[in-house]
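> This is a predicted model, with the sequence first.
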Amino acid sequence: MTSLDRKLKEIFAPSRPICIFKGINQSFLHQLNNGFSIVYQELKPQNGHIVMVKEGEKLDHILNQEKFMVALAKMLMYTEKFAGLKFSDK
C-alpha cells in the first residue's frame, strides 16, 4: 500500500461528514463550498507567488498530483452525501 493509499484510507474511514457548523443544516453545495474554502487554504501558494513552468520533472508532478488528490478527498468528506457512502464506493 502506498502512502497516498494510506492517506486516502484515513480520510475516507469515517462514515459521518466533517462538521463545521454544528446544528445548522446545509445543502450539498454549501457543504462542498465550505470544504473547498478550507482545503484551498492548504493548496494555495504559501509565499503568494505562482511560478509558471514549461517543463517539469516527473517526480514533482506526481507529488503535486498526490497533494491534490488528498485535498479533493478532504473536500468531499465535508459533504454528507459523500461521507455517507460505503467505504468501497468512496
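Alright, I've got the coordinates.

> Count the residues that sit near residue 12.
19 (other Cβ atoms under 10 Å). For every residue, glycine as well, the C-beta is placed using N, CA and C.

> ok, it - contacts?
73, 77, 87, 90 (Cβ atoms under 8 Å, 6 or more residues apart in numbering).

> now swap in residue 75 and tell me
Residue 75 neighbours (Cβ under 8 Å, 6+ apart): 32, 35, 36, 38, 39.

> Which one (most neighbours) among the residues you listed?
Result: residue 35 is most packed of the contacts of residue 75 (other Cβ under 10 Å), 22 neighbours.

> For it, which non-adjacent residue is closest in space?
Leaving aside its sequence neighbours, residue 35 sits nearest to residue 78 (Cβ to Cβ, 6 or more residues apart in numbering; 3.0 Å).

> ok, of the contacts of residue 75, which one's closest to residue 8?
Nearest to residue 8 among those is residue 39, at 14.0 Å by Cβ to Cβ.
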